[in-house]
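J.: build me a model:
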Amino acid sequence: MGKPTGFIEYDRELPGKRPVEERLRHYNEFVERYSDEKLNQQSARCMNCGVPFCHHGCPLGNVIPEFNDAVYRQDWKEAYDILISTNNFPEFTGRICPAPCETACVLGINRPAVAIEEIEKHIIEIAFDKGFVQPKKINVRSGRKVAVIGSGPAGLAAAAQLNYAGHTVTVFERDDAPGGLLRYGIPDFKLEKWVVDRRIKLMEEEGVIFKCHANVGVNIPVNELLREFNAIVLAGGSTVPRDLPVPGRNLKGVHFAMDFLKQNNKRVAGKDMLANPDIESNVLPEEVMASGKAVVVIGGGDTGSDCVGTSNRHGAVSVMQFELMPKPPADRTTSMPWPTYPMVLKTTSSHEEGADRLWAVATKEFIGDENGNLTALKVVDLEWKIVDDKPAAFVERENSERLIPCQLALLAMGFVHPLHTGLVNDLGINLDDRGNVQASPTEYRTSISKIFTAGDMRRGQSLVVWAISEGRECARKVDEFLNNGVSVLETKDLMLQLKAI
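T.: Coordinates of the predicted model:
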């Protein structure tokens, strides 16, 4: 590595953030860039360990020590070439990935891990600044056509890889613009949409075709795609939210988190989210705002955190976040040894901006007034039985039931499976016992030979980095299918082997 003693000389430092009072006034990203000196120091902390577990902590198999070394030497072209060899969209993962690579960093055994995610973001942004990121010229077309349904990270990764393999790729997106959850799930203060637009424009210049307002199984017949395309990739995500069927669920003021977040992203983009009815239900949505309300977010994950940050920017009078599970520990326990991904306490930038967090709390009932408006939540504390350092079962704590004032409750408890009505039911493909599209974990092929699937639609709700990995691996299997068992696309494992030579 560039500086063998760097991990001894320098401590982990993350870039600065704009002050809370300033960033609450807008929806722009607020994490600043490293200075050249700080970026050099942070890359120098990579310690050239004998077995770089960060490779395997990353679902994409990013070749991390090598790009850290290139950053230290300020060879930005080499750093970019190494990074893009395994990751189609480092500008996304560098902003919104929970960085499992860092939890597997060898330095992290007894010191703070290398700031891999921030270094990754700096590499790609510097590459764009210096003009290294250019459309790839596809010299030979195979004459085969592939339809990718869904333009989230899995669909985009599959489309990009299949296009590089020479196939003609059309991406079908049911919304008004490509990006899936990147566009209408992740708030702008974490991922500004010009970042998504920049990548979509590049893919279009490389030959990928995007068709929006194209809801396959609703306004585009499934049989039409089966006739026109040699292969189909289903990458529609896991979009059916987990509900909370307790008394009062239908009161005005109880909404799914994703409805709230999607509306706000459209609002920030200057789009009227009430102008067009939902393409499936033909019902005009209700505008959901947190302004002047006591907000309770039910669900302690990243989606819930995004609701916290958005509610604070709306001007909520108070924001509270519930989690059914007990409060996690601050550090690893014996049940989560290195290099596994630890379930420790996570405090996001949205939490820093203001929120009361309650753990081991269950919502028993939504309480409303005579006009059907939500006014409070009836909640109860839980006592968890811990087995092997893990919560195993709970009972309600006696005499802990109480009312919490609330005018807006946002359900952020995750997603159960992809939407079945329309596309999935029309195809008649097999589902697994969780309601996801059934496919081999290594072949990505569904019960219909020419139809493949990737991302959350296959594996269930997961991370953006896993979606990109799935899209890439699925594309290789589609390429093999179209080329009689031979693919020009490299596997993640092969890339690691090549970089290790």
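J.: please parse the protein into its domains.
T.: Here the domain parsing of the chain from automatic domain parsing is 6-129, 145-239+416-500, 243-413.
J.: nearest to N139, out of the ones you listed?
T.: N139 sits nearest to domain 145-239+416-500 of all those, at 8.1 Å, using C-beta to C-beta. Every residue, glycine included, has its C-beta placed from N, CA and C.
J.: state the mean pLDDT of that closest one.
T.: Mean per-residue pLDDT for domain 145-239+416-500: 94.
J.: figure out which of the domains of the chain is closest to P135.
T.: domain 145-239+416-500 (4.0 Å).
J.: turn the domains of the chain into CSV, including distance to P135 and mean neighbour count.
T.: Formatted as CSV, the domains of the chain follow (distance: least, C-beta to C-beta, whole Å; neighbours: other C-beta atoms under 10 Å):
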stretch, distance to P135, mean neighbour count
domain 6-129, 13, 19
domain 145-239+416-500, 4, 20
domain 243-413, 25, 17
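J.: make TSV out of the ones you listed and add distance to K137.
T.: Output for the domains of the chain, formatted as TSV (distance: least, C-beta to C-beta, whole Å):
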stretch	distance to K137
domain 6-129	15
domain 145-239+416-500	8
domain 243-413	32
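J.: quick one, which of these is nearest to K136?
T.: domain 145-239+416-500 (5.5 Å).
J.: show me what contacts M413?
T.: By C-beta atoms under 8 Å, 6 or more residues apart in numbering, the residues touching M413 are P241, R242, L244, I298, G299.
J.: so the third one touches L411, yeah?
T.: To tie it back to what came earlier, the one meant is L244. Yes: at 5.6 Å, L244 and L411 qualify as touching, with contact defined as C-beta atoms under 8 Å.
J.: quick one: common contacting residues for the two?
T.: In contact with both L244 and L411: I298, using C-beta under 8 Å, 6+ apart.
J.: in strands, which of the contacts of M413 appear?
T.: P241, I298 (DSSP state E).
J.: and which of the contacts of M413 is nearest to H55?
T.: Minimum distance to H55 across these is 32.0 Å, recorded for G299 (C-beta to C-beta).
J.: which residues touch the spatially closest residue to the closest one that is not a sequence neighbour?
T.: Closest residue to G299 apart from its sequence neighbours, by C-beta to C-beta, 6 or more residues apart in numbering: A412 at 3.4 Å. Residues in contact with A412 (C-beta under 8 Å, 6+ apart) are A257, V297, I298, G299, G301, T303, G304, C307.
J.: make TSV out of these and add pLDDT and distance to L251.
T.: Shown next, in TSV, are the contacts of A412 (pLDDT from 0 to 100; distance: C-beta to C-beta, whole Å):
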residue	pLDDT	distance to L251
A257	97	16
V297	98	16
I298	98	14
G299	97	18
G301	95	24
T303	97	21
G304	98	20
C307	98	18
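J.: tell me which of these is nearest to C49?
T.: For the contacts of A412, the nearest to C49 is G301 (31.3 Å; C-beta to C-beta).
J.: quick one: the helices in the stretch 301-450 of the chain, in order.
T.: Taking DSSP state H, counting those that start in this stretch as the criterion, the stretch 301-450 of the chain contains helices spanning 302-314, 349-352, 423-427.
J.: no wait, the stretch 51-200 of the chain
T.: With helices called from DSSP H, counting those that start in this stretch, the stretch 51-200 of the chain shows them at 54-57, 64-72, 76-84, 90-96, 100-103, 116-129, 153-164, 181-184, 193-206.
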